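> Next one to model:
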Amino acid sequence: MPKKRKSRAARTCSGQQCAALPLAVRDGEIKVMMVTSRETKRWVLPKGWAEPDLAPHELAAKEAFEEAGLIGTVEEEPAGSYQYNKRLPGGRVVLCEVGVFPLWVERQLKKWPERKQRKTRWFTFGQAALAVEEGDLAILLLRLAAPDR
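The predicted model follows:
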């Protein structure tokens, strides 16, 4: 299998995390789907650690499938990034940089790998910004909501 060429987007996530920004037009406006984290039940974007055999946008789509059962078209370039403090086992905290890749949702499956561990919900960008605890993520969501972005 040929090695995948890394784009500018790959540098956004290399050794770090990649997230999907699940988007769909609902009730006449663009909405974003958030999922709950497994342990703390906070509202977050579907995300995961970079994997050497997947391009960053492919990883984002994989995480959206595993965490929310989403199928759609993912953009190869990130819409932005944010940082947050990830709590690891043993109490260690690591600063993570998360590249965020828009995923235009075509459908949500009835069954997916983590369906019993997470909840999903559609939010406006403003509602999502208020629901998340990570300040940098809230700022990114509000920036994406701006009409002149």
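> Could you pull up phi and psi at Arg143?
Backbone torsions for Arg143, taken as degrees, to the nearest 10, come to phi -60, psi -40.
> Over to Ala128?
According to degrees, to the nearest 10, Ala128 has phi -60, psi -40.
> wait, doesn't it sit right on Leu142?
No - contact status for Ala128 versus Leu142: not in contact, 9.1 Å apart, counting by CB atoms under 8 Å. Yep, even glycine has a C-beta here, placed from its N, CA and C like the rest.
> more neighbours, the two?
Neighbours were counted for Ala128 and for Leu142 using other CB atoms under 10 Å; Ala128 has more, 25 against 14.
> Run through who's touching the helix or strand encompassing Ile139.
In the assignment (DSSP states H and E), Ile139 maps to helix 135-145. Contacts with helix 135-145, where a contact means CB atoms under 8 Å, 6 or more residues apart in numbering, come from 21, 32, 44-45, 79-84, 98, 100, 124-126, 128-130, 132, 149.
> Touching, Leu70 and Val105? I think so.
Yes - assessed by CB under 8 Å, Leu70 is found in contact with Val105 at 5.2 Å.
> what about this structure, any weak spots by pLDDT?
For the chain, the stretches with pLDDT under 70 are 1-15, 147-149.
> taking the contacts of helix 135-145 one by one, which sit in strands?
Using DSSP state E, the members of the contacts of helix 135-145 that fall in strands are Leu21, Val32, Val44, Gly80, Ser81, Tyr82, Gln83, Tyr84, Val98, Val100.
> could I get those residues as TSV with neighbour count and distance to Lys116?
Listed next are the ones in strands among the contacts of helix 135-145 as TSV, based on neighbours: other CB atoms under 10 Å; distance: CB to CB, whole Å:
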residue	neighbour count	distance to Lys116
Leu21	27	24
Val32	25	23
Val44	22	17
Gly80	19	31
Ser81	18	30
Tyr82	21	28
Gln83	14	30
Tyr84	20	25
Val98	26	25
Val100	25	26
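> distance of Arg87 from Leu140?
Using CB to CB, to the nearest Å, we find Arg87 at a distance of 21 Å from Leu140.
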